[in-house]
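In: Take this sequence and fold it.
(one chain, ligands or ions: 3)
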Amino acid sequence: MWLTAIPKVVIKTYLWSFILWLILTTIIPQTLTKYFNDEVISNTYKTRYFPYHSLISPSQLPIQNSTVYYVMGHPDDETMFFSPSLIEVLRPKHNNSVKLICLLPGDYVSPSMGSLRKEELLSAARIYGIDKDDVFVLNYRDGMNETWPLDSIVNDLASIIGTNHQQLHNPLTLITFDEGGVSGHPNHIATYEGTKKFFDTYYKSLSNDYRLYKLKTFNVFEKYTSTILTNIEYLVIQLPRLLARNIFQIGIDISFFSNPNEEESSIKFFGDMNTLGLSFGAMSFGHFSQMESFRYPWILFSRYFTYNNLIQVL
Ligand SMILES: *[C@@H]1O[C@H](CO)[C@@H](O)[C@H](O)[C@H]1NC(C)=O
Ligand SMILES: *[C@@H]1O[C@H](CO)[C@@H](O)[C@H](O)[C@H]1NC(C)=O
Ligand SMILES: *[C@@H]1O[C@H](CO)[C@@H](O)[C@H](O)[C@H]1NC(C)=O
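Out: Ligands and ions are numbered 1, 2, ... in the order given. A predicted model of the protein is given here:
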């Protein structure tokens, strides 16, 4: 068993980090809500949503009242890489309408696998509360050696999203991979380039109502740190804010920890046990064909399951 080849100290580090992460992102915020939130204390709710904490930075999500398109390559990318941000953007309090555009059906193995994975994507979307009419699966060819014509991606996106901002009723937000494509996968990189070209052609420099975000690719060391780096970032950025807001009732942002310019165009999403559980559910119930044995450790080690950094492309 390959697991026995991993030194004990490494396993222990990950395990303790996970426990710390659980305390930081889930137990502390939920306890603060229970004892310091007026609505919860009095059991009288102002909205139809429970006043849970969103663990994001900046603490007011800039993506609101918006039609949000996730443009991805394979039918499980929304969960494998984007789930912390996807789940946050979907929360009813942000009033977004979220849609998924998947450029290829995942038929690398066989055409029948393609139809199966399409169904799996719809099933995962249902778990997230995304209507099947809001899921678009296109037919680009899967594979490391495939090059996709960018103009064709631009045209496909144009026919789904539209090209005239005056005909859109809401602000528009596009979210996709970055130049690194998470793992350098050419299909992911082409997805980014096509989406960027579409955005540059029709929506760039209109106003800040039309935005493109790219998912920051972690380098190989960062990618498998699971919760370790997230804990450090969380302790520095998120926890002081949470305590300040709840216990001292002040809305300060601890600005000396981060470059304010960077803040404006970058959003950090810290998942918690609940979002991790939902991602795991979407993977294991929705994308079941992808749950081979190697996926389980992958989900535990991958940083993308508990943390996303979206950077606005200006
Ligand atoms: C939700 O967003 C739409 C589109 O921007 C807007 O018309 C509507 O007023 C918003 N509703 C709420 C409750 O914020
Ligand atoms: C979203 O729409 C509501 C209702 O129209 C408005 O009150 C709120 O300020 C909007 N939020 C943002 C971030 O624009
Ligand atoms: C992709 O291209 C490389 C080099 O051209 C080749 O060695 C490899 O077999 C190709 N892979 C597939 C799946 O076609």
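In: Residue numbers of the stretch 151-300 of the chain in contact with ligand 1?
Out: Contact residues, the stretch 151-300 of the chain versus ligand 1 (Cβ under 6 Å from any ligand atom): Asn170. C-beta here means a position set from N, CA and C on the backbone, and glycine is covered the same way.
In: what about the helices in the stretch 151-300 of the chain?
Out: Ranges of helices in the stretch 151-300 of the chain, per DSSP state H, counting those that start in this stretch, are 181-184, 186-202, 220-223, 228-233, 239-246, 260-265, 273-281, 295-301.
In: what does the average pLDDT come to for the last one?
Out: The reference is to helix 295-301. Helix 295-301 comes out with an average pLDDT of 83.
In: just the fourth one next, same as before
Out: Helix 228-233 shows a mean pLDDT of 89.
In: So which elements touch that helix?
Out: helix 8-22, strand 266-270, strand 307-312 (3 or more Cβ pairs under 8 Å, 6 or more residues apart in numbering; DSSP states H and E).
In: The second one - contacts with which helices or strands?
Out: Which is strand 266-270. Looks like strand 266-270 contacts strand 56-57, helix 83-90, helix 228-233, strand 307-312 (3+ Cβ pairs under 8 Å, 6+ apart).
In: Need the residues that contact whatever helix or strand comes next after the first one.
Out: Right, the one you point to is strand 56-57. Next helix or strand after strand 56-57 toward the C-terminus (DSSP states H and E): strand 67-72. With contacts defined as Cβ atoms under 8 Å, 6 or more residues apart in numbering, strand 67-72 is touched by 78, 81-82, 86, 89, 96-103, 157, 160-161, 168-177, 191, 194-195.
In: Per-residue pLDDT of the nearest residue to Ile299 once chain neighbours are set aside, please?
Out: Using Cβ to Cβ, 6 or more residues apart in numbering and skipping residues adjacent in sequence, the residue nearest Ile299 is Phe305, 5.7 Å away. At Phe305, the pLDDT value in this model is 94.
In: need the contact list for Phe305.
Out: Per Cβ under 8 Å, 6+ apart, neighbours of Phe305: Ser83, Pro84, Gly271, Leu276, Ser279, Phe280, Ile299.
In: circling back to that earlier point, save the helices and strands packed on strand 266-270 as a markdown table, and put in mean neighbour count too.
Out: As requested, these are exported to a markdown table (neighbours: other Cβ atoms under 10 Å):
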| stretch | mean neighbour count |
| --- | --- |
| strand 56-57 | 22 |
| helix 83-90 | 24 |
| helix 228-233 | 18 |
| strand 307-312 | 22 |
